[in-house]
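**Q** Quick one, structure for this:
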Amino acid sequence: MEFTKRSCEEFVEVLASNAPVPGGGGAAALVGAIGTALGNMVGSLTVGKKKYADVEEEIIALKAKSDALQRKLLDLVAQDAVCFEPLARAYGIPKDDPARPQVLEEATLVACSVPMEIMETCCEAIDVIRVFAEKGSRLAVSDAGCGAACCKASLMSASLNVFINTKSLRDRAKAEEINSKANAMLTKYCAMADEIFAAVRANFN
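**A** Numbering: from 1, shown residues only. Take a look at the predicted model:
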């Protein structure tokens, strides 16, 4: 399951294959880690520069947070595969098995958990990137915009992995609770990522 230990070429090849994992969730987590790292790079290019001495302490703290978010998202690449396995097994249970519906329900909830965590982590990353874009080195501001775009893509991609699973939940109240949280994150943070991108883009007009 250590997909992130493989080369980029190997990861893409297995992603394109008929193997059940990694899939959309793992890809979303990796893209989120890349986006977070791009924001972090802006911080790295800001620290130690006299021009940004007044924000250095804040940038250093944000870099530490970014480091943690990057590690978490990379861990979630593998965790998404682990949490999908019970659902894959559950679909293999004979349809006349009376235990099948409950096993499927529980496995579906597990499969929702990691994409939700990817979304939450990307939201945190976008919050951090916003500050890097506002206060970080102007020479690297484009990377903050790229990071925001990647984290938005990760957020949106992970949401689809939530919604495909909540659609099949029998507990509709729980499904709507999960959907509501996911939609709230999409509404707030897709807009924030777009604002970051637009602000960065305005530097080049």
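**Q** tell me the mean pLDDT for stretch 92-106?
**A** Average pLDDT, stretch 92-106: 93.
**Q** Span of it from start to end?
**A** Its first and final residues considered, stretch 92-106 spans 15 Å by CA to CA, to the nearest Å.
**Q** List the contacts of that stretch.
**A** 86, 87, 90, 91, 168, 169, 170, 171 (CB atoms under 8 Å, 6 or more residues apart in numbering). All C-beta atoms are positioned from the backbone trio N, CA, C, and that covers glycine.
**Q** for stretch 136-151, which positions count as buried?
**A** For stretch 136-151, the neighbour count (16 or more other CB atoms under 10 Å) marks 136-137, 140-151 as buried.
**Q** mind checking how far residue 169 is from residue 82?
**A** 20 Å (CB to CB, to the nearest Å).
**Q** To clarify, my last question referred to residue 125.
**A** With distances taken as CB to CB, residue 125 is found 22 Å from residue 82.
**Q** so where's the chain shaky on pLDDT?
**A** Low-confidence segments of the chain, defined by pLDDT under 70: 1.
**Q** sorry, back to before: hmm, which two among the contacts of stretch 92-106 are most spread apart?
**A** Largest separation among those by CB to CB: 91 and 171, giving 18.3 Å.
**Q** who has more neighbours, residue 125 and residue 82?
**A** Set residue 125 next to residue 82 and count neighbours by other CB atoms under 10 Å: residue 125 wins out with 32 against 13.
**Q** tell me which element the more buried one falls in.
**A** Residue 125 belongs to helix 100-135 when assigned by DSSP states H and E.
**Q** Check residue 164 too.
**A** In this assignment (DSSP H and E), residue 164 forms part of helix 141-166.
**Q** before we move on, what about residue 182?
**A** Here residue 182, judged by DSSP H and E, is contained in helix 172-202.
**Q** Just the buried positions in that helix, please.
**A** Within helix 172-202, the residues scored as buried using 16+ other CB under 10 Å are 175, 178-179, 182, 185-186, 189-190, 192-193, 196-197, 199-200.
**Q** Please apply the same query to stretch 51-66.
**A** Residues 52, 55, 56, 59, 62, 63, 65, 66 are the ones in stretch 51-66 that count as buried (16+ other CB under 10 Å).
**Q** Return the residues in contact with the second one.
**A** Spelled out, it's residue 55. 46, 135.
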